[in-house]
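> Next come a sequence and a model predicted from it.
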Amino acid sequence: MNPAAKLPRWAEYGLLPLINLCAALLISGAIIRLIGESPWAALKLMVSGAFGAQDSIGYTLFYATDFVFTGLAVAVAFHAGLFNIGGEGQAYIGGLGVGLVGLAFGSWSPWIVIPLGVLSGCAFGAAWAFVPGWLQARRGSHIVITTIMANFIASALMTYLLVNVLIKPGQQSPETREFGPGAAMPAVHDVLARMGIEFAPSPFNLASLLALAACLFVWAFIWRTRWGYALRVVGQNPQAAVYAGISPGRTILVAMVLSGGLAGCLGVNELMGSQHRMLLDFPGGAGFVGIAVALMGRNHPLGILAASLLFGALYQGGSQLSFDMPHVNRDMVILIQGLVILFCGALENVFRAPLAAILGTAGRRPA
Amino acid sequence: MADPETPALQAPGGPQGPALELVGIDKRFGPVHANRSVSLRVSRGSIHGLIGENGAGKSTLMNIVYGFHRADSGEIRVNGRRVEIARPRDSIGAGIGMVHQHFMLVERFTVLENVLLGAEGGRMLGKGLGEARAGLERLGRDYGLEVPLDAETGHLPVGMQQRVEILKALHHRAEILILDEPTAVLTPAEADQLFRMLARLRDQGKTVILVTHKLREIMAITDRVTVMRQGAVVHETATRDTSAKALAEQMVGRSVLLRVEKGPAKPGAVLLEVRDLEVRDRLGVARVKGATFALRAGEIVGIAGVSGNGQSELIEALAGIRPAASGSILLGGHDLAPAGSGRGDRRSQGIAHVPEDRLRMGVVASFSAEDNAILGYHARPQFARSGFLRRQAIRSDCEGKMASYDVRPPSPGLRITAFSGGNQQKLVLSREIDCNPSLLIVGQPTRGVDIGAIEFIHGRIVALRDAGKAVLVVSVELDEIMGLSDRILVMAGGEIVGEIAGADATEEALGLLMAGVGADPVK
């Protein structure tokens, strides 16, 4: 059986991910049954938890926005042949950039502070990704290793800064003071309210527009510009890149800087959009979920959008589930998410060959 | 070099019963009908040639016999008995061994460990290793296949690695040995050795199937030959009853020229001058030592040599892929070497380059034809405006290239690997020639290219010369070097050891120089 069997596009991008998702849910259902709960009720709770009310939809989309940023970050690096595991750290440091702008210029007009925050978040995330990129390009240090290490360093650095430097004076918990009003990314429910539409409050904010713009940007950059072309050549065949006069080293730097910049935008959604202050571990694992999102979304912005929605729903529906079902705790929800990642990512080819065989025979019959 | 007339290599006795018989093998891959009811009888103790252009279905057929693919219908008989072959293990069990074009060896393993792979014989390696060592030493003696058993496989020369593959098959008790394009990676001398080895195997009663597109090999060593075209067997005959020309016509389906048609060269001014060029590899070992030569506009200069004697490094240094350690490369009087200019600069200076290994360097396998047709030229204004690729222009440019270079199918959006080797090469050549270079450096112009396309590619190279451009050709095919070149430089041990005018070149003279015998260094 051929693990790289070719499938028609609709099956490759639609049917196969769906089958993988169903397989993950099936096993999750079996586990939920084992602990004495009804899988069907759990599924209903998750779906209604994610999409059942205005505020739950808002939360789902809010989480999805995080995942779009980190998923795109992974995808851009991946097109250059780099496995950037460091989205988490880049998002964390990018958030520092966002937060510093929020703290320093929060009293200014949002028309200035928000773009400044976006730029600063991008720049900080990009700078954090530049280091492993440079080490890879010039010293040959493997990007997987260095980005993982950079995650730890980012975490330690942020803990230090929040505990010792940026903490709000006279307070126990390691958080900064609130940003000024100019650093508040407008929430979607507020915007809708101003247009006379009532929508339940949620952290869903206009950073999601930035995420959509980032999708468009990544698509255009990768497939429509000569730099994206160079990036893909380097990712697919570094020797052909040298032959074509493309510098792999410089291209790696470009890819990592872009990747880090995209991850850094997470802070715009989380901090300017929701928390309005800096606190410990605000990326909350979104950098890692981004890997699964990119994998499932086939490193294409459209796929990443869809996968982000799925993971946003899992996140939000999962927390609802753990809230409503006494036996299903937070760890169970992580288990379900893990199964989805396992089937859609690591095991994504399990059903490929059988599916190709079925479609192959089905396709041959009329001929 | 094996002489086509050498009778000693032909089987002494008449054919016996068939060792392998294929009956009505049919295989489709989606819309592609790769094998059309193919029937084939291979006599025991013979060398049977299977010849056809790339994409004629010979590899598919052999992969079915070896169990990589399953036929949609038809049957396989070994020694007259029907066998079911669903996976390679079945075919090994039936006594079939295969030596692939790309070796299936673990480079970091020793020879012994590689041979043991798949026949470990139990949980602990000790016993199997001991038995294998004894068995291999015997096999080595019997068939003249001596290999250093404890050497790390990756360190052996390619010809030796191929021997390991053959030994592995024999150790797995193969009676039928299939070799897929075995000489593609070998020097002429190594190929000769291989043929002697195969003759010996045949004489000891083994059956050999030689899959190739090289007519010379078929004529030199096979007893019978089967020609495939478009998935079907179109001809089968005893080798002594046919000729290279007749086989070529059967392969292509029309009459072909086996030699390059060209008029005399009209060399102009010196375009490229190389002086004392030294090129080192990554470990700092000098691969090109003090190369000095000149190249005039309007001539084709060929570089002959056993592969691995610095030819690749030389052309890569000229093309700007590798830095020059010392010496100078003067193009139209300007020294390119010290600037350390990369490939991109050389391209804009008018040096076009068709790399030796197409799939490794010349194309990006996962890209479409049109995206490959701009590789290296993607930043030029006709393909990119303010950073954005001009998709429309790229497509129509590729359509133009495909039309004028007869690339089939003419579908710019199709993935490059869906094209045959010949059509890939035509596209690469069109890309490099269309930019109107003053110097074209071609490595292995027709590697993995079918006969029909060879003629075309040679024609284009000659046409470029006649348009007053300089061409530098490196090829391991001596016929090609002799046919194309107006002058031939011979490289051995990283040095240019001789020069022969194309018209005076003979295989013997070149062979002596290549071996480093009777060297008369050009200074």
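Thanks, I have the structure now. Residues are numbered from 1 along each chain as shown, chains lettered A, B, ... in the order given.

> Give me the spatial nearest neighbour of the residue in the stretch 251-400 of chain B that chain A sits nearest to, chain neighbours excluded.
Nearest to chain A, among the residues of the stretch 251-400 of chain B, is residue B:344, at 2.5 Å (CB to the nearest CB). C-beta here means a position set from N, CA and C on the backbone, and glycine is covered the same way. In this structure, residue B:344 finds its nearest non-sequential neighbour in residue A:245, 2.5 Å apart by CB to CB, 6 or more residues apart in numbering or on different chains.

> Does anything pack onto whichever helix in chain B runs longest? Which helices or strands?
Longest helix of chain B, by residue count under DSSP state H: helix B:125-143. When contacts are defined as 3 or more CB pairs under 8 Å, 6 or more residues apart in numbering or on different chains; DSSP states H and E, helix B:125-143 packs onto helix B:111-116, helix B:158-171, helix B:188-203.

> so which of those gets nearest chain A?
Between the helices and strands packed on helix B:125-143, helix B:158-171 lies closest to chain A; by CB to the nearest CB that is 19.3 Å.

> List the buried residues of the closest one.
Judged by neighbour count (16 or more other CB atoms under 10 Å in any protein chain shown), helix B:158-171 contains these buried residues: B:159-171.

> Same question for stretch B:218-232.
Residues B:218-229, B:231-232 are the ones in stretch B:218-232 that count as buried (16+ other CB under 10 Å).

> And for stretch A:205-225?
Quick answer for stretch A:205-225 (16+ other CB under 10 Å): A:205-208, A:210-211, A:214-215, A:217-219, A:221-225.

> Contacting chain B as well, which ones from those?
By CB under 8 Å from any CB of the partner chain, the members of the buried residues of stretch A:205-225 lying near chain B are A:224, A:225.

> remind me which residues of the chain are low pLDDT?
Chain wasn't specified; assuming chain A. A:1-6, A:360-367 (pLDDT under 70).

> try again with chain B
Across chain B (using pLDDT under 70), the flagged ranges come out as B:1-16, B:31, B:119-125, B:185, B:187, B:255-258, B:337-341, B:516-523.

> need the residues of it near chain A, please.
Listed as neighbours of chain A in chain B under the rule CB under 8 Å from any CB: B:28, B:30-31, B:319-321, B:342-347, B:353, B:355, B:360-367, B:371, B:374-376, B:378-379, B:383-384, B:387-389, B:391.

> Please pick the buried ones from the residues you listed.
B:28, B:319-321, B:342-344, B:346-347, B:353, B:355, B:361-364, B:367, B:371, B:374-376, B:378-379, B:383-384, B:389.

> Return the subset of those residues lying in strands.
In this view, these that belong to strands under DSSP state E are B:28, B:353, B:384, B:389.

> how about the helices in the stretch 351-500 of chain B?
Ranges of helices in the stretch 351-500 of chain B, per DSSP state H, counting those that start in this stretch, are B:369-372, B:391-404, B:421-434, B:451-466, B:478-484.

> Only the buried residues of the second one, if you could.
I take that to be helix B:391-404. B:394, B:395, B:397, B:398, B:399, B:401, B:402.

> Only C-alpha atoms, please: export it in CSV.
Presented in CSV, the C-alpha positions along helix B:391-404 are these (Å, rounded to 0.1, in the frame of the first residue of the first chain):
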residue,chain,number,x,y,z
ARG,B,391,1.2,34.4,-13.6
GLN,B,392,-0.2,35.1,-17.0
ALA,B,393,3.2,35.9,-18.5
ILE,B,394,4.8,32.9,-16.9
ARG,B,395,2.2,30.6,-18.3
SER,B,396,2.4,31.9,-21.8
ASP,B,397,6.2,31.9,-21.7
CYS,B,398,6.1,28.3,-20.7
GLU,B,399,3.6,27.5,-23.4
GLY,B,400,6.0,29.1,-25.9
LYS,B,401,8.9,27.0,-24.6
MET,B,402,6.9,23.8,-24.7
ALA,B,403,5.9,24.5,-28.3
SER,B,404,9.3,25.4,-29.6
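
> residues making contact with it?
Contact with helix B:391-404 is made by A:224, B:369-371, B:373-374, B:382-383, B:407, B:410, B:412-413, B:427, B:430-431, B:434, as judged by CB atoms under 8 Å, 6 or more residues apart in numbering or on different chains.

> for it, the distance to its chain's centre please.
Relative to its chain's centre, helix B:391-404 lies at 29 Å (CA atoms, centre = their mean, to the nearest Å).

> can you give me the angle it makes with helix B:421-434?
Orientation of helix B:391-404 against helix B:421-434 (axes from the mean of the first three to the mean of the last three CA atoms, to 10 degrees) gives an angle of 110 degrees.

> Show me the one of the helices and strands packed on helix B:125-143 that comes nearest residue A:145.
For residue A:145, the closest of those is helix B:111-116, at 29.5 Å, according to CB to CB.

> For the residue of chain B positioned farthest from its centre, give me phi and psi.
Ranked by distance from the centre of chain B (CA atoms, centre = their mean), the top residue is residue B:386, with 40.7 Å. Backbone torsions of residue B:386, given as degrees, to the nearest 10, read phi 40, psi 50.

> Next up, the contacts around the residue nearest the centre of chain A.
For chain A, the residue nearest the mean C-alpha position is residue A:67 (2.4 Å; CA atoms, centre = their mean). Each residue near residue A:67 by CB under 8 Å, 6+ apart is listed here: A:286, A:289, A:290, A:293, A:304, A:307, A:308, A:311, A:312.

> likewise residue B:468?
Taking CB under 8 Å, 6+ apart, we find residue B:468 in contact with B:268, B:297, B:298.

> Please verify my assumption that the first one contacts residue B:294.
No. Residue B:268 is not in contact with residue B:294 according to CB atoms under 8 Å; the separation is 12.0 Å.

> Name the helix or strand for residue B:42, please.
Element membership for residue B:42 (DSSP states H and E) is strand B:32-43.

> Check which helices and strands that strand is in contact with.
Applying 3+ CB pairs under 8 Å, 6+ apart, we find strand B:32-43 packed against strand B:18-29, helix B:58-66, strand B:207-212, strand B:224-229, strand B:232-238.

> Paired strands for the last one, with orientation please.
Same thing as strand B:232-238. With DSSP bridges as the test, strand B:232-238 is paired with strand B:224-229 (antiparallel).

> Other residues contacting the partner strand?
Contacts of strand B:224-229 (CB under 8 Å, 6+ apart): B:15, B:38, B:40, B:42-43, B:46, B:48-53, B:56-58, B:61, B:218, B:233-239, B:242, B:247, B:250-253.

> Now the buried members of those.
Buried residues within these, counting neighbours by 16+ other CB under 10 Å: B:15, B:38, B:40, B:42-43, B:46, B:48-53, B:56-58, B:61, B:218, B:233, B:235-236, B:239, B:242, B:247, B:250-252.

> quick one: contacts for the residue at minimal distance from the centre of chain B?
Taking CA atoms, centre = their mean, the centroid of chain B lies closest to residue B:184, which sits 3.7 Å from it. Applying CB under 8 Å, 6+ apart to residue B:184 gives the contacts B:101, B:447, B:448.
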